[in-house]
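> no FASTA, just this:
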């Protein structure tokens, strides 16, 4: 596979380059840059629902950043943990991989798993990176089992890789929060889980996810991002925005929750 073709363009975001660029311009237009984060949590739903929140997340990075984005997302279709080492295509063109960093991350490379079944968790983040940080490169990492033990394992691999790589890297953890519950329940449950993230307490975050059956889909990638950045001296996590799909659809009985968080 020479490149990873876009699989959700025209569904999660516009497939036409002009329309996509215009939409991204609108999403970032009224967003104020909020410093220079080391990592963020960004949602991966359709842009009509979560695009504004995702823009808030990406605006937490220094707009001049031209290093590499390590993008960690969950596998919605049961594939094991793997990385990609090929260019990713979007309607805006090709996003080049950082194969040097990728070769330092000792995880299997599986390009077919990355594109199977219109997997959206990683792809939805790519146009934001491409539009906002056009000189950057990427390392997509798809996480399979989302256990705390797996978070420790993957985090350790990433930490070792970053120590060897020694060049600027930002981390994006791709996740939506509660799925298909009332807006009231989503807000209550999601903020309960987010409270632990604001303390950068990954075990407590996992405990709250499990004890309240919170249906966040990317809690593993969030845990990995937090653990890696804590070892790199980052101690602060801010909630930038929380929204739900109900604010777009008008249906507050069955919503999906979206949060933008920044680790500094």
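It's in. Because the structure is predicted, anything quoted here is derived from the model rather than measured.

> State the pLDDT value of the residue nearest to the spatial centre of the chain.
In the chain, the C-alpha nearest the mean C-alpha coordinate belongs to residue 174, at 2.1 Å (Cα atoms, centre = their mean). We note a pLDDT of 98 for residue 174 in this prediction.

> Contacts only, for it.
41-44, 71-74, 121-122, 124-125, 218, 221 (Cβ atoms under 8 Å, 6 or more residues apart in numbering). From N, CA and C alone the C-beta is placed, and that goes for glycine too.

> Show me what the nearest residue in space to it that is not next to it in sequence is bridged to.
Counting by Cβ to Cβ, 6 or more residues apart in numbering, residue 174 lies nearest to residue 73, which is 3.7 Å off, once chain neighbours are set aside. Beta-bridge partners recorded for residue 73 (DSSP bridges): residue 142.

> Now that residue 73 has come up, it's in contact with residue 44, right?
Yes - the criterion here is Cβ atoms under 8 Å, and residue 73 meets it with residue 44 at 6.6 Å.

> for the helix or strand of the chain with the lowest mean pLDDT, packing partners?
Counting by mean pLDDT, DSSP states H and E, the chain has its least confident helix or strand at helix 111-115, which shows a mean of 90. Identification of packing neighbours for helix 111-115 by 3 or more Cβ pairs under 8 Å, 6 or more residues apart in numbering; DSSP states H and E yields strand 137-143.

> List the buried residues for the strand it packs on?
Residues of strand 137-143 classed as buried: 137, 138, 139, 140, 141, 142, 143 (neighbour count, 16 or more other Cβ atoms under 10 Å).

> Return the residues in contact with the third one.
Under the criterion of Cβ under 8 Å, 6+ apart, the contact partners of residue 139 comprise 68, 69, 70, 71, 83, 84, 97, 98, 101, 102, 105.

> Could you find the closest non-adjacent residue to residue 55?
Using Cβ to Cβ, 6+ apart, the closest residue to residue 55 is residue 27 (4.1 Å).

> Find out how far whichever strand or helix holds that neighbour is from the centre of the chain, if you would.
Assessed by DSSP states H and E, residue 27 sits inside helix 17-29. Here the centre of helix 17-29 is set off from its chain's centre by 19 Å, with Cα atoms, centre = their mean, to the nearest Å.

> In it, which residues are buried?
For helix 17-29, by 16+ other Cβ under 10 Å, it's 20, 21, 23, 24, 27, 28.

> Which elements pack onto that helix?
Against helix 17-29 (3+ Cβ pairs under 8 Å, 6+ apart) you get helix 47-58, helix 126-132.

> Let me see the mean pLDDT of it.
Rounded mean pLDDT across helix 17-29 is 97.

> what distance separates the very next helix or strand once past that helix from the centre of its chain?
Next helix or strand after helix 17-29 toward the C-terminus (DSSP H and E): strand 39-42. Remark: strand 39-42 is offset 6 Å from the chain centroid, using Cα atoms, centre = their mean.

> Give me the contact list for strand 39-42.
Against strand 39-42 from outside (Cβ under 8 Å, 6+ apart): 53-54, 57-58, 60-61, 125, 128, 170-175, 197, 218, 222, 225-226, 228-229, 234, 259-263.

> Please, where are all the helices along the protein?
Per DSSP state H, the chain carries helices over the ranges 17-29, 47-58, 99-104, 111-115, 126-132, 148-165, 183-198, 202-211, 219-231, 246-249.

> so the residue nearest to residue 55 makes contact with residue 47?
Yes - using Cβ under 8 Å, residue 27 is in contact with residue 47, at 7.2 Å.

> Which neighbours do the two have in common?
With Cβ under 8 Å, 6+ apart as the test, residue 27 and residue 47 both reach residue 54.

> For the closest residue in space to residue 116 that isn't next to it in sequence, which residues are in contact?
The shortest distance from residue 116 to any residue other than its chain neighbours is 6.4 Å, reached at residue 77 (Cβ to Cβ, 6+ apart). Residues near residue 77 by Cβ under 8 Å, 6+ apart: 116, 117, 119.
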